[in-house]
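*Asks:* sequence unknown, structure follows:
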C-alpha cells in the first residue's frame, strides 16, 4: 500500500488542443506540485501484521489552513452513499440529490464569503445613501446567511414563484389523479395568500384535514416551507412591510413604473365604492405594502372633491433610478445655473448663433412654435390590385413546335395533333 500526498506528482494532460497546426498543451490549473512525501506499508503473509516504511516524510509546500475545497472534505459518508443510491434508483435528478445532501449535511461549507463579497460591493456602490429595507431571494442558504450578515436591518423575503415551482415539482407526482392535485394546488395557493394569521390557521387546518391521506405531500410543505419560512412568503406576514409588490425574484417588464402605480390606484378606487371611508374594512394593505393611497383614502378624497395629492405617492413610483429619497419640501429645484450658462454662451456668440439659440429657446418655452416640419410622404400612384399588362409581341408556339421541343404539357387539341403526326 502506497501513501502519498495529494499534491505529489505532476499534471499529465490527456488531451491536446490544435492551434495553427501545432499541438499545444491545454491551459489548466493543478494542485500537484511534485510533493516528495511517500510512505509504503507492507503486510506479512505469515502473520496478520504490517510494516511501514517512510521513504520521505517531508512536504515541499505549507500545510493547508482550511480543508474547504479539498476532496477529503467533500467525501460522502456511509449514510450519504446509501441515500445517493436510493435516490438514484428512484430516478431523482442529480440536481435534487445534491440539494438534499447539502440540506442534510450540518458540516457543509456554504459559499457565504462569495455572496458576502458581492453584497458588500453592492453596498459600497450605493455609497451608503440607499440601504435596501426589503430583500427577496431564493432559498439559497449561503445567500440568506450573507444577506443577514451584510444587511442586518433589512427584511428578508423568499420568492413565492420559486416556492410554488418547487411544490409543483415535488408534490405533483404524489397524487394519483389530476383532479386531486389541482385541488391541493388550489388549497396551497389559498394558504399562501392568506390575508391574516387567523385566516392562515383556518386554511392550514382545512388543508391538513383534506389531505391527511397524502402524508408525504403534507410533510414536505410543512417541514420544508411553512414551519421554518412562513413569515417570509405568506401574505399574512409579508403584507405588514412595504415591499412595493416585489415578492418574487422572477423579473417582469413593467415599462413605466408610474403607469403601474396608476393601475394599482384604479383597482383600489373601484374597491373604495363598496368600502367607503371605513378603515377597518379597508385594512390599508396597499398603503403598507406599496406606499400608495388605499381604498378609504381615495373614498375620502372623492367625498371632498379633491384630487389625489402627489405627496401621498411613495417616491418609488416617481423615480426611475436609485438615489437618495428626500422629502418634497427638502428638494430645491432651480434653473439659475443653467440660465447663467446660456447667457454666457449667448454673449460669446455672433449674430448667426444668437438667432439659432433664440430659436431653440423659443421651441423649449413654446413647443407649438417649432420649425420642424413633418416630411411629405409620396403617395402611391398604382393601386394595390393593379395587374401587370403583358405587352410582349412574341407569338405563342404552335403544336408542332411543342412536339419537337418535347414539352411536358399538352392541351386536348395538342394531343390530337401529336397523334395524327405520329400516324403519318
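*Replies:* That came in fine, so what should we check first? Because the structure is predicted, anything quoted here is derived from the model rather than measured.
*Asks:* Give me the residue ranges of the stretch 301-424 of the chain where confidence is low.
*Replies:* Low-confidence segments of the stretch 301-424 of the chain, defined by pLDDT under 70: 305, 318-331, 367-393, 395, 398-424.
*Asks:* where do the strands sit along this structure?
*Replies:* Secondary structure of the chain, counting by DSSP state E: strands at 2-4, 16-19, 22-25, 38-43, 50-56, 134-137, 155-158.
*Asks:* ok, residue 268 - how many residues close by?
*Replies:* Residues within reach of residue 268, counting by other CB atoms under 10 Å, total 23. No exception for glycine: its C-beta is placed from N, CA and C like everyone else's.
*Asks:* Tell me the pLDDT of it.
*Replies:* The model reports residue 268 with a pLDDT of 84.
*Asks:* doesn't residue 290 make contact with it?
*Replies:* No. With contact defined as CB atoms under 8 Å, residue 268 does not reach residue 290; the gap is 9.4 Å.
*Asks:* picking up where we left off before, just the strands of the chain: most buried one?
*Replies:* Mean neighbours per residue, mean count of other CB atoms under 10 Å, is largest over the strands of the chain for strand 155-158, with a mean of 20.
*Asks:* how about the strands of the chain, which one is nearest residue 304?
*Replies:* strand 134-137 (32.7 Å; CB to CB).
*Asks:* What pairs with the closest one, parallel or antiparallel?
*Replies:* Within its sheet, strand 134-137 is paired with strand 155-158 (parallel), according to DSSP bridges.
*Asks:* from the middle of its chain, how far away would the strand it pairs with be?
*Replies:* Relative to its parent chain, strand 155-158 has a centroid offset of 16 Å by CA atoms, centre = their mean, to the nearest Å.
*Asks:* Need the residues that contact it.
*Replies:* With CB atoms under 8 Å, 6 or more residues apart in numbering as the test, strand 155-158 has contacts from 133-139, 144, 147-148, 229, 232-233, 238, 241, 243, 247.
*Asks:* hmm, try it at 7 Å
*Replies:* The contact list for strand 155-158, computed with CB atoms under 7 Å, 6 or more residues apart in numbering, reads 133-137, 139, 144, 147-148, 229, 232-233, 238, 241, 243, 247.
*Asks:* One more: stretch 272-281?
*Replies:* With contacts defined as CB under 7 Å, 6+ apart, stretch 272-281 is touched by 282, 295-296, 298-300.
*Asks:* Got a quick PyMOL command for the buried subset of those residues?
*Replies:* In PyMOL, this line selects whichever of these come out buried by 16 or more other CB atoms under 10 Å:
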select buried, resi 282+295+296+298+299
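*Asks:* got TSV for the contacts of stretch 272-281, with distance to residue 54 and pLDDT too?
*Replies:* Shown next, in TSV, are the contacts of stretch 272-281 (distance: CB to CB, whole Å; pLDDT from 0 to 100):
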residue	distance to residue 54	pLDDT
282	81	88
295	83	88
296	84	88
298	85	84
299	88	84
300	88	83
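*Asks:* Count the neighbours of residue 176 for me.
*Replies:* Per other CB under 10 Å, the neighbour tally for residue 176 reads 9.
*Asks:* From residue 10, how far off is it?
*Replies:* The gap separating residue 176 from residue 10 is 58 Å, by CB to CB, to the nearest Å.
*Asks:* Now residue 30: closest residue in space, sequence neighbours ignored.
*Replies:* Spatially, and ignoring its direct neighbours in sequence, residue 30 is nearest to residue 11 (3.9 Å; CB to CB, 6 or more residues apart in numbering).
*Asks:* Let me know whether that neighbour touches residue 34 as I believe.
*Replies:* No. Counting by CB atoms under 7 Å, residue 11 does not reach residue 34; the two are 10.0 Å apart.
*Asks:* what's the longest helix in the chain?
*Replies:* Longest helix in the chain by number of residues (criterion: DSSP state H): helix 257-275.
*Asks:* What distance do you get for residue 204 to residue 172?
*Replies:* Applying CB to CB, the value for residue 204 to residue 172 is 20 Å.
*Asks:* what's the answer for residue 82, then?
*Replies:* Between residue 82 and residue 172 the distance is 27 Å, computed by CB to CB.
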